[in-house]
Each structure stands twice: as structure tokens, then as C-alpha cells.
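Peer 1: Could you look at this predicted model? Sequence included:
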Amino acid sequence: MKAFIFPGQGAQYIGMGKDLYENYPLAKKMFKKANDILGFQITDIMFDGKDEDLRQTNVTQPSIFLHSVILAHVMGDEFKPDMVAGHSLGEFSALVANKTLSFEDGLRLVSKRAQAMQKACKLEPSTMAAIIGLEDNIVEDVIRSIDEIVVPANYNSPGQLVISGSVKGIEIACNKLLEAGAKRALPLKVGGAFHSPLMEPARVELADAINGTSFGNPICPVYQNVNAQSVTNPYVIKSNLISQLTSPVRWSQTAQNMIADGAKIFVEVGPGTVLQGLVKKIKRDIEAYSVIV
């Protein structure tokens, strides 16, 4: 069985999607439609813009979504997923790829998500950090003892857990986790505490948009971030997607469950190679690669 996986924020780079635009009429049509929906020329930033512009959340998230979804479309008959999953933002790409969402609705939701998150980040100084070399339960125990908002955000692979919270809380947590034996505690260059309670204002705003969007029956199961489980019911998919912004991304558990359910090959669709690397850390002998068109 083949699993198609879709990356999240951080995989962006200048020039992403330009080859698709120049070589595939379908891709050009979809990029032009995206410019119209968003109300600005996102292709100018993606193809030839500046890094600082591409790093703006309201640009980054739609850019990665567009690259991933359009790449899946130009694959044509080669895109035959038995299951899909996406990391954080990538879950929206996965839901378009398995036809739960239309391309247009998916892009509108991603744009709304990015704007809502950007607003939430301005309400309170917050950040994230990657903790390397500790078991998940030790990280959880340490941060639970801190009298600040600090929570698990991304269970990326065994020995790699990203935490999220207030600036002060993350600073305290990094020091305590290094004392507890972490090999590294790396503050991340992000705009705020994604996948934490500090994203509640964004969750509320995005929930209205998600509830007002039509979700169809998918062509294959999606393994969602919130519970790492196989889901096909559109109503459950919608509910889990609403919860995603304030809940941890259970990527390690997702990959493990996909493998347990029969996934033999993982295909990363979109910019970068981060997810296939994480999957190989979870199971070393698994076949994982990127799409080449």
C-alpha cells in the first residue's frame, strides 16, 4: 500500500512551483486561479520573491499548500493513494488530494488559517523549540512541572519532540530539558506558539470558516494530526481539523499507524524532504521518496 504525505510550514523556498508553472498547463491554470482567489500575486513571491516575504505566515502557508496540491494534480494517474496524511498545514493539502475538499475551498481555508494564526501570534509573545534526544514521556513530565504555558506541539519522531508556549515558558523548559539529558534544545524561528492553547483565538476564527465549508466523501482515508487515526467520515474529519490548531501534531504515531495498517511506501508530495526523513527515523527500512515529475 502507498501512503502520500504532505509537508507543513518550514518547507518553503524561493522558486518553489516555478517549474510546474512553466511546464504544465494545468499547473499554470491552478496557480492563476490561486492568485485570483487570494487577491494578490502569490506566484511572484513564490517564484522570484524575497525570503522575508515568503516567510510571512499569510504567504508561507498558501505557498506550500499550492506547491503540494498542484504537484499531486500534475501527477495524474500516478497519484493513486491508499491513504494520506499531512503535517499540520499539510493536512489541508492531504484533504484536497483525497477529495474531501475542493482546491478552491482548501485554499480559502488555508488563507484564513494563516491570517488567523498571524493575528493570534500578535496577542501574546510566544514561540516553539525542538527537543532532541529525550523520550517523549520525559519531555512531557518536565514541561508539566513548569508554571507557564508549555505543551507538546509536534511528536515528529522518536527522540524529536517540538514544544510550544510562552517565550518565558519555552526558555525555562529548554534549560530544564537540557538538565534532564536532552542532547539539544533548539529555539525555532517561528511567529508564535503553534499547536498550543495560545492559538485558541485562531481556532475559533478558523472553526467558523471550516463549519461553513462543504466536506465531501474522501477517496481514501486520511490519518489526522489530532488522533493519528484513519478517518473517512467527513463530519469527523471536520471536527478533528477544527481541533488541530490547539492540539499536538502526532506525526510519529501517524506514521506508525499507517505502517501498521499496511503502508509499504511513503511518497512526499510538496517542497522539501523533511517528512520522508522523519518516517525513516520511525522505521529505518521503509521506502520513502519525493515526487519527481
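Peer 2: Nice, thanks for sending it over.
Peer 1: The stretch 1-150 of the chain: strands as residue ranges?
Peer 2: 2-6, 83-86, 126-132, 150-157 (DSSP state E, counting those that start in this stretch).
Peer 1: Now K168. Nearest residue, chain neighbours left out?
Peer 2: E148 (5.6 Å; CB to CB, 6 or more residues apart in numbering). Using the backbone N, CA and C atoms, a C-beta is placed for each residue, glycine as well.
Peer 1: same thing with I242?
Peer 2: Using CB to CB, 6+ apart and skipping the chain neighbours, the partner closest in space to I242 is A207 (4.6 Å).
Peer 1: ok, the closest residue to N154 other than its chain neighbours to C220 distance?
Peer 2: The shortest distance from N154 to any non-neighbouring residue, by CB to CB, 6+ apart, is to V162 (3.8 Å). Look at V162 and C220: by CB to CB, to the nearest Å, they are 28 Å apart.
Peer 1: between those two, who's got more neighbours?
Peer 2: V162 (23 against 20; other CB atoms under 10 Å).
Peer 1: What's the first helix or strand after the helix or strand that contains the more buried one?
Peer 2: Under the criterion of DSSP states H and E, V162 resides in strand 160-166. Per DSSP H and E, strand 160-166 leads on to helix 167-179 as the next helix or strand towards the C-terminus.
Peer 1: quick check, distance from the next helix-or-strand element following that next one to the centre of its chain.
Peer 2: On the C-terminal side of helix 167-179, the nearest following helix or strand under DSSP H and E is strand 184-187. Averaging C-alpha positions (CA atoms, centre = their mean, to the nearest Å) puts strand 184-187 20 Å from its chain's average.
Peer 1: what stretches of the stretch 151-293 of the chain score poorly on pLDDT?
Peer 2: Applying pLDDT under 70 to the stretch 151-293 of the chain flags the ranges 293.
Peer 1: Quick one: the helices in it, in order.
Peer 2: Per DSSP state H, counting those that start in this stretch, the stretch 151-293 of the chain carries helices over the ranges 167-179, 200-211, 234-243, 251-260, 274-282.
Peer 1: and K99, which of those is closest to it?
Peer 2: Proximity to K99 (CB to CB) singles out helix 234-243 among the helices of the stretch 151-293 of the chain, at 10.6 Å.
Peer 1: ok, and the closest non-adjacent residue to the residue nearest the centre of the chain?
Peer 2: With distances taken as CA atoms, centre = their mean, the residue of the chain nearest its centroid is S88 (2.5 Å). Leaving aside its chain neighbours, S88 sits nearest to G8 (3.7 Å; criterion: CB to CB, 6+ apart).
Peer 1: Nothing else from me, thank you.
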